[in-house]
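J.: Any chance you can model this:
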Amino acid sequence: MSLPSPDSDSEADFDAATSGNAAFDAAAFTPSDLEACLALFDSNVPDYFQLGERSEFRTFLDDLPGPYVVLRDGDGEVVACGGWAVSENGVADLCWGMVRGDLHGRGWGRRLTLARLRGIEATPGVRVVELRTSQHTDGFYRSFGFRTVETRPDGFG
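T.: Residues are numbered from 1 along each chain as shown. A predicted model of the protein is given here:
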């Protein structure tokens, strides 16, 4: 999926998505967040990830290709995480975004996605945003203006 260019309303969307009743904090991933992020992954198996992908996610966290953020709720618990990487040709790729399984549908994914898109907007030279996702989250990302470029049967999840 790709998003051709940042939406001019992204600031308003971010403010609206982050001004709800749920207090949260977005921060850069640190090694102390590793276990919490792995727990988020585990909470999404088998619906969104396959157990065999866990080691790939762990390797990714050990050698991040770009910024990676965690969202904490009002109690300081990590409830979502995700990042992005930017290639030399200006393509930003959203990577390994997830929300704790029992919190789906409560706005955490929207907050996470908007935080990542805001970070990408602040990155010089980005001309397009892409992501690889499954059929389970295709509609979610369409709500941000992403469009399907290619479909691979049995690609993810």
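
J.: Of all residues in the protein, which one is nearest the centre?
T.: residue 97 (3.0 Å; C-alpha atoms, centre = their mean).

J.: number of nearby residues for residue 129?
T.: When neighbours are counted by other C-beta atoms under 10 Å, residue 129 registers 24. Backbone N, C-alpha and C define where each C-beta goes, glycine included.

J.: what do you get for residue 31?
T.: Other residues close to residue 31 by other C-beta under 10 Å number 8.

J.: so what's residue 68 bridging to?
T.: Applying DSSP bridges to residue 68 gives these bridge partners: residue 83.

J.: which helices and strands sit right next to the longest helix along the chain?
T.: If you go by DSSP state H, the chain has its longest helix at helix 108-121. On a contact count with 3 or more C-beta pairs under 8 Å, 6 or more residues apart in numbering; DSSP states H and E, helix 108-121 meets helix 10-18, strand 24-28, strand 68-73, strand 78-86, strand 91-99.

J.: Return the distance of that helix from the chain's centre.
T.: 7 Å (C-alpha atoms, centre = their mean, to the nearest Å).

J.: pretty sure residue 66 belongs to a helix, no?
T.: No. Assigned with DSSP: H, G, I helix; E, B strand; the rest coil, residue 66 falls outside any helix and is coil.

J.: So in the protein, where's the weakest helix or strand by average pLDDT?
T.: helix 10-18 (a mean of 41; mean pLDDT, DSSP states H and E).

J.: Extract the C-alpha trace of the longest helix of the chain and format it as CSV.
T.: Taking C-alpha atoms only, helix 108-121 is exported to CSV below (Å, rounded to 0.1, in the frame of the first residue of the first chain):
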residue,chain,number,x,y,z
TRP,A,108,-4.4,3.2,19.7
GLY,A,109,-3.7,2.1,16.2
ARG,A,110,-4.8,5.5,14.9
ARG,A,111,-2.7,7.3,17.4
LEU,A,112,0.3,5.2,16.5
THR,A,113,-0.1,5.6,12.8
LEU,A,114,-0.6,9.4,13.0
ALA,A,115,2.5,9.6,15.3
ARG,A,116,4.5,7.7,12.7
LEU,A,117,3.2,9.8,9.8
ARG,A,118,4.0,13.0,11.7
GLY,A,119,7.6,11.7,12.2
ILE,A,120,7.8,11.0,8.5
GLU,A,121,6.5,14.4,7.6
